[in-house]
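*Asks:* sequence-free structure coming up:
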DNA sequence: TATAATAGGGAATGATCGTTTCCAAATAAA
DNA sequence: TTTATTTGGAAACGATCATTCCCTATTATA
């Protein structure tokens, strides 16, 4: 099959090349999915948002669920980047955790908040009905949870968080807080980052 | 059957009387809505669950949204009863709050947890699309929040919760916890009531 | 009894959904 | 060129959806 591929060349696949940028299209798709959820988003909504014809979408993806899954993966990657970046702006474990919480509140609030979170949306709307998505959502929640547990342990190592804090239990509760923030933000209740983060930091006492 | 209607009798309305029990039917409807959400629940699913014909449903309700709204109201009433009852089993404010948290975790976990919460489901799936439901959801979140704030203030009055605790901020964070518990429970992660409640009670320190 | 009013129930309806099909266009290889 | 392969795009398709219609059954009242 593979003749060419002249060492480290990208090696263009045969046939007409794709005209649209996949990441751009996925960004547009995930925005609609976040806003309206899976079932309330029709293929027509998707093609309009992605600026593609129906046929093009079905050339690039097997079906609607595949579009959703791809959008989900992109969303999770982007969010993870933002969260890690927030954690980076901290001088110790406790500080990093506080910044992560603040970042979560900020993303759960205002315009971004009412756009919603794809993880929360998938958990609520799809996990009862789609085992593939449910497994993906659970895995992501566990990834996020162990990231937080890691920050707690870092804080305990650098002395900014007491040793008696139960890292795993506290991390699980904090995951509940972050997911709950998205629910409350979606319902458009105002969220004050400083106030909420201050209260939440008591969990590290 | 009865002649009657003699002063203060319920006074049966004209025409053929309803054969089914409304609350029973709503209980069945809300169960499907909780499990699958609004859009994934078809009228066919509803009539099967409620054991009514399509026509009967449309005789009793204006449309699908009206069924949902009625189911929502019944769900909220039932849950409020359960939560108040849990609060009742406590000797002081702090104890009542702990019981409420424990009750929330229990309902967010296991079979009941994967059935999901109609408030969370509505917030996530419908608040972007349906202003009526969004307003109802926001109002309910605020009701729940002020119930919790009230318990905190009770605890401060009876000395079981320190005065320096910010009742409103803490209540809002606790609402996030409860809503987040439902998200995490829907994704089927295990939730340990004792452990989570113990950690959460640190917010009252 | 006859009439009016409402509920029960299933078939019919029209809209919308996700998906497929088909043809023209673009690219690489032969 | 020609051929093979893939994309772009719109029209077509069948399934399913929420809703309406219509007929029968049941009640209270005249």
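*Replies:* Thanks, I have it. It should be emphasised that the depicted structure is a prediction, and the values quoted were computed from it without experimental measurement.

*Asks:* Contact residues of chain A facing DNA strand D?
*Replies:* Chain A comes close to DNA strand D at residues A:13-20, A:52-56, A:58-60, as judged by Cβ under 7 Å from any atom of the strand. For every residue, glycine as well, the C-beta is placed using N, CA and C.

*Asks:* Apply 10 Å and report the result again.
*Replies:* A:1, A:13-22, A:25, A:39, A:43-44, A:47, A:50-60 (Cβ under 10 Å from any atom of the strand).

*Asks:* Which ones among those also lie next to DNA strand C?
*Replies:* Near DNA strand C, by the rule Cβ under 10 Å from any atom of the strand, you find A:13-19, A:39, A:43-44, A:47, A:53-59 out of the residues of chain A next to DNA strand D.

*Asks:* Now for chain A: which helix has the highest residue count?
*Replies:* In chain A, taking DSSP state H as the definition, the longest helix is helix A:131-158.

*Asks:* Name the residues of that one that come out as buried.
*Replies:* A:133-134, A:136-138, A:140-141, A:144-145, A:147-156 (16 or more other Cβ atoms under 10 Å in any protein chain shown).

*Asks:* Distance check, the spatially most central residue of chain A against DNA strand C.
*Replies:* In chain A, the residue lying closest to the centroid (Cα atoms, centre = their mean) is residue A:76, at 3.2 Å. From residue A:76 across to DNA strand C, the span is 22 Å (Cβ to the nearest atom of the strand, to the nearest Å).

*Asks:* residues contacting that residue?
*Replies:* A:118-119, A:140 (Cβ atoms under 8 Å, 6 or more residues apart in numbering or on different chains).

*Asks:* ditto for residue A:95
*Replies:* Residue A:95 neighbours (Cβ under 8 Å, 6+ apart): residue A:160.

*Asks:* Which of the three states applies to it?
*Replies:* helix (DSSP: H, G, I helix; E, B strand; the rest coil).

*Asks:* Could you check the pLDDT of it?
*Replies:* On pLDDT, residue A:95 comes in at 98.

*Asks:* Could you do residue A:12 as well?
*Replies:* The model's pLDDT for residue A:12 equals 75.

*Asks:* Now do the SS call for it.
*Replies:* coil.

*Asks:* Just to check, residue A:182 is in contact with residue A:118?
*Replies:* No: the criterion here is Cβ atoms under 8 Å, and residue A:182 misses it with residue A:118 at 9.8 Å.

*Asks:* Looking at the two, which is more packed in?
*Replies:* It is residue A:182, of residue A:182 and residue A:118, that has more neighbours when counted by other Cβ atoms under 10 Å in any protein chain shown, with 28 against 25.

*Asks:* What helices and strands are in contact with the helix or strand hosting the more buried one?
*Replies:* Element membership for residue A:182 (DSSP states H and E) is helix A:167-186. Judged by 3 or more Cβ pairs under 8 Å, 6 or more residues apart in numbering or on different chains; DSSP states H and E, helix A:167-186 is in contact with helix A:93-108, helix A:110-115, helix A:118-126, helix A:131-158, helix A:193-200, helix B:118-126, helix B:167-186, helix B:193-200.

*Asks:* how far does it sit from the chain's center?
*Replies:* Chain-centre distance of helix A:167-186: 14 Å, with Cα atoms, centre = their mean, to the nearest Å.

*Asks:* Check stretch A:177-187 too.
*Replies:* On Cα atoms, centre = their mean, the centre of stretch A:177-187 falls 13 Å from that of its chain.

*Asks:* got a list of contacts for it?
*Replies:* Against stretch A:177-187 from outside (Cβ under 8 Å, 6+ apart): A:101, A:104-105, A:108-110, A:113-114, A:116-117, A:119-120, A:123, A:141, A:144, A:191, A:196, A:200, B:120, B:123-124, B:127-128, B:134, B:137-138, B:141, B:172-173, B:175-184.

*Asks:* picking that back up, who does the longest helix of chain A touch, helix- and strand-wise?
*Replies:* helix A:64-88, helix A:93-108, helix A:118-126, helix A:167-186.

*Asks:* If we use 10 Å, what do you get?
*Replies:* If contacts are counted by 3 or more Cβ pairs under 10 Å, 6 or more residues apart in numbering or on different chains; DSSP states H and E, helix A:131-158 sits against helix A:64-88, helix A:93-108, helix A:118-126, helix A:167-186, helix B:167-186.

*Asks:* rewinding a little: which members of the ones next to DNA strand C among the residues of chain A next to DNA strand D occur in helices, if any?
*Replies:* A:43-44, A:47, A:54-59.

*Asks:* For residue B:85, which of the helices and strands packed on helix A:131-158 is the nearest?
*Replies:* For residue B:85, the closest of the helices and strands packed on helix A:131-158 is helix B:167-186, at 16.0 Å, according to Cβ to Cβ.

*Asks:* ok and the closest one relative to helix B:131-158, angle-wise?
*Replies:* Using axes from the mean of the first three to the mean of the last three Cα atoms, to 10 degrees, the direction of helix B:167-186 lies 120 degrees away from that of helix B:131-158.

*Asks:* The closest residue to chain B within chain A: neighbouring residues, count only.
*Replies:* Residue of chain A nearest chain B, by Cβ to the nearest Cβ: residue A:180 (2.9 Å). Residue A:180 has 25 neighbouring residues, counting by other Cβ under 10 Å.

*Asks:* Could you check how far it is from residue B:175?
*Replies:* Distance of residue A:180 to residue B:175, computed by Cβ to Cβ, to the nearest Å: 7 Å.

*Asks:* contacting residues for the nearest residue to residue A:41 once chain neighbours are set aside?
*Replies:* Spatially, and ignoring its direct neighbours in sequence, residue A:41 is nearest to residue A:32 (5.2 Å; Cβ to Cβ, 6 or more residues apart in numbering or on different chains). By Cβ atoms under 10 Å, 6 or more residues apart in numbering or on different chains, residue A:32 lies in contact with A:40-42, A:45-46, A:48-50, A:71, A:115.
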